[in-house]
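Student: Okay, predicted coordinates and the sequence, questions at the end:
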Amino acid sequence: MNETKYLLAIDAGTGSIRAVVFDTKGNQIAVSQKEWTHLEERGCFKLYEF
């Protein structure tokens, strides 16, 4: 059986998150991006305050 393998790269930034799928030859297979908003949570360090 010939099993295809992929690599998933995830980039979580301050304003969006992006996922990219590559094959083992480095070809980009798929990409998706979603905007997000950081919500404050009690007891968590405020890492994204500017």
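Tutor: All right, it came through fine.
Student: which stretches of this protein form strands?
Tutor: 6-12, 16-23, 28-35 (DSSP state E).
Student: right, and those - which one's nearest residue 43?
Tutor: strand 6-12 (20.4 Å; C-beta to C-beta). To be clear about C-beta, it is placed using only N, CA and C from the backbone, and glycine gets the same treatment.
Student: Sheet partners, orientation included, of that closest one?
Tutor: Next to strand 6-12 in the sheet, as set by DSSP bridges, lie strand 16-23 (antiparallel).
Student: Show me the contact partners of the partner strand.
Tutor: For strand 16-23, contacts defined as C-beta atoms under 8 Å, 6 or more residues apart in numbering pick out 4-11, 28-36.
Student: check contacts around the spatially most central residue of the chain.
Tutor: Relative to the mean C-alpha position of the chain, the nearest C-alpha, by C-alpha atoms, centre = their mean, is the one of residue 10, at 2.7 Å. If a contact means C-beta under 8 Å, 6+ apart, then residue 10 has 17-19 as its contacts.
Student: Then residue 34?
Tutor: Counting by C-beta under 8 Å, 6+ apart, residue 34 touches 16-18.
Student: If it is in a bridge, with which residues?
Tutor: Here residue 34, judged by DSSP bridges, has bridge partners residue 17.
Student: low-scoring stretches of the chain, by residue?
Tutor: Within the chain, the stretches with pLDDT under 70 are 45-50.
Student: again, only this time at 90
Tutor: For the chain, the stretches with pLDDT under 90 are 1-2, 12-15, 36-50.
Student: Please identify the buried residues of stretch 19-39?
Tutor: Using 16 or more other C-beta atoms under 10 Å as the test for burial, stretch 19-39 gives residue 22.
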